[in-house]
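Chemist: Need a 3D model of the sequence below.
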Amino acid sequence: MTRQRLHLVKAAQPAARFMVRRFPVISYRLTHAYRLHSTKRQEEAAYAADWWSRVLTVGSMSFLLCLLIMLLTGDVVWLLLGFVTFLGCPILRYRMVIDAAEAYREQITYELPEWLQILVIYLYAGYPVPAALQQMAKKWQHRTGPLAAALHQAAAKLSYQASLSQVLHELAEQADTNEMRSIVTILLSHTLRGGDSTLDTLLDISRQMWDKRLALVRKRAEETTVKMIFPLIVIFIAVLIIVAAPAVMFLGS
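Modeler: A predicted model of the protein is given here:
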């Protein structure tokens, strides 16, 4: 990033702080989405203000550019385009952040049933919860999904003698799904009381998660089908024009 752009972003900080206070719900959702893919907790409070300053900077620069073009050409359409760009930039960027967070949670939901099933097998085999998590991390050492990354971080913290309760709560916070929060609560209960009843409960959750994973796969298949319709229509129209153009030209002549 150039120095000029950094100065523009800093200049937009007062307006950004006003937007954070004016739209607390949006700012909270932005910070929450940032938390999913960052371990730098000290930067969370500043993320929303930084996001607002960047989108306001981009929107303002786009508006000024359109205003300059309007003054040079005398076309009012450029002014309308500037307003649309200024208002649309925050909306589009916000939608991108929220969609990325939703895709993150869906990927966690997709990976969770297999993870839980293998974890329960280790627990049935007599492994304590910390050892089971570390074995899972070794088994998933070549995976690159968000759940695998969270698991590797948890195993690394456990290897440094971190508190199991703290590690599990951080794992649930990083995964950010209701199922993982339930699993963490049951694992803590199993650590305190033991017994097979908690493991049976985890197996029931695993079965429910497999059903949810199947529904997610079906949803993705439907979305892929819908996304393919528009390109196919465009291709069909293009082929139709190519095939029909000679006949139309012949009839016209």
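Chemist: Excluding chain neighbours, what is closest to the residue most central in space within the chain?
Modeler: The centroid of the chain falls nearest to residue 101 when counting by CA atoms, centre = their mean (2.1 Å). Distances taken as CB to CB, 6 or more residues apart in numbering place residue 33 nearest to residue 101, at 3.8 Å, with adjacent residues excluded. From N, CA and C alone the C-beta is placed, and that goes for glycine too.
Chemist: helix or strand for the residue nearest to the centre of the chain, which one?
Modeler: helix 77-124 (DSSP states H and E).
Chemist: contacts for the next helix or strand after that helix?
Modeler: Scanning forward in sequence from helix 77-124 by DSSP H and E, the next helix or strand is helix 129-139. Residues from elsewhere that reach helix 129-139 (CB atoms under 8 Å, 6 or more residues apart in numbering): 115, 118-119, 122-123, 127, 151-152, 154-156, 158-159, 164, 167-168, 187, 190-191.
Chemist: sorry, back to before: how much does the helix holding residue 101 deviate in direction from helix 129-139?
Modeler: 120 degrees (axes from the mean of the first three to the mean of the last three CA atoms, to 10 degrees).
Chemist: who does helix 77-124 touch, helix- and strand-wise?
Modeler: For helix 77-124, the packing partners by 3 or more CB pairs under 8 Å, 6 or more residues apart in numbering; DSSP states H and E come out as helix 24-36, helix 44-73, helix 129-139, helix 146-159, helix 178-193, helix 196-252.
Chemist: how about a markdown table for the ones you listed, with distance to residue 111 added?
Modeler: Shown next, in a markdown table, are the helices and strands packed on helix 77-124 (distance: least, CB to CB, whole Å):
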| stretch | distance to residue 111 |
| --- | --- |
| helix 24-36 | 14 |
| helix 44-73 | 25 |
| helix 129-139 | 11 |
| helix 146-159 | 4 |
| helix 178-193 | 11 |
| helix 196-252 | 9 |
